[in-house]
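>>> task: produce atomic coordinates for the following.
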Amino acid sequence: MPRLLITAAGGGRHGYRLRLWKLALQRLVDQLGLAIAVCHFPPGTSKGNKVEQRLFAFISSTWRGEPRRDYQTVVGLIAGTTTATGLTVTCRLDRRKYAVGRKVTEEEMAAINIKPLRFHGEWNCVIHLSHQHKV
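Take a look at the predicted model:
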C-alpha cells in the first residue's frame, strides 16, 4: 500500500511523544486515504536534518542585514530565497487562530490506528486509516 513518509525532529511541535500531533496525523490519513509513516530523528539530533540545515542557511543569507519589522516582511524575505542549484521556497503567513491547552483524551488516543516500526518503534511509526474509515 502506498504511503507518505515524514521525517521530523524528535522534539518541538511534532515530537514523537505529542498526542495532539498524532491525532492530527490520523485525521490527515483519513482525509487523504493514505497511510503516513513518521520517522523522527533521535532526540538532540535535529541538526542532522540536512534539508532543514541547507534551507535555513540560505534563508539566513537572504535576510542578512534586512530589518524584520513585521510578518509580511519576514514572509517576503523567506519566499524570496533561492539556491544556486534551483531550490526555491514557498512561504505564507498562517493567520488562523489555534486553541491552546487542547488535551487529547484516552478515547481519542485509542482511536488512532498507529503501529510502531521495527526500528526504534518508540520514535517511528505508521498511522493507517482509522478503523471507522475502513470498508
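
>>> what's the following helix or strand after the one helix or strand in the chain whose mean pLDDT sits lowest?
Sorting the helices and strands of the chain by mean pLDDT, DSSP states H and E puts helix 50-62 at the bottom, at a mean of 73. Toward the C-terminus, helix 50-62 is succeeded by helix 71-79 as the next helix or strand (DSSP states H and E).

>>> mind giving me the packing neighbours of that next one?
Other helices and strands packing on helix 71-79, by 3 or more Cβ pairs under 8 Å, 6 or more residues apart in numbering; DSSP states H and E, are helix 50-62. C-betas here are computed from N, CA, C, even on glycine.

>>> residues near G101, how many?
4 (other Cβ atoms under 10 Å).

>>> I misspoke; the intended subject was T105.
Neighbours around T105, by other Cβ under 10 Å: 10.

>>> the one 3 residues further on now?
Other residues within reach of E108 by the criterion other Cβ under 10 Å amount to 14.

>>> would you mark the buried spots in stretch 72-83?
Using 16 or more other Cβ atoms under 10 Å as the test for burial, stretch 72-83 gives V74, L77, I78, T81.

>>> tell me where this structure has strands.
3-8, 35-40, 114-116, 125-127 (DSSP state E).

>>> is it possible to get a markdown table of those strands that adds mean pLDDT and mean neighbour count?
Shown next, in a markdown table, are the strands of the chain (pLDDT from 0 to 100; neighbours: other Cβ atoms under 10 Å):
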| stretch | mean pLDDT | mean neighbour count |
| --- | --- | --- |
| strand 3-8 | 86 | 14 |
| strand 35-40 | 91 | 18 |
| strand 114-116 | 94 | 13 |
| strand 125-127 | 93 | 21 |
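
>>> among those, which is nearest L87?
strand 3-8 (17.0 Å; Cβ to Cβ).

>>> how far off centre is the closest one?
With Cα atoms, centre = their mean, to the nearest Å as the basis, strand 3-8 stands 9 Å off its chain's centre.

>>> and stretch 10-27, by the same measure?
Here the centre of stretch 10-27 is set off from its chain's centre by 8 Å, with Cα atoms, centre = their mean.
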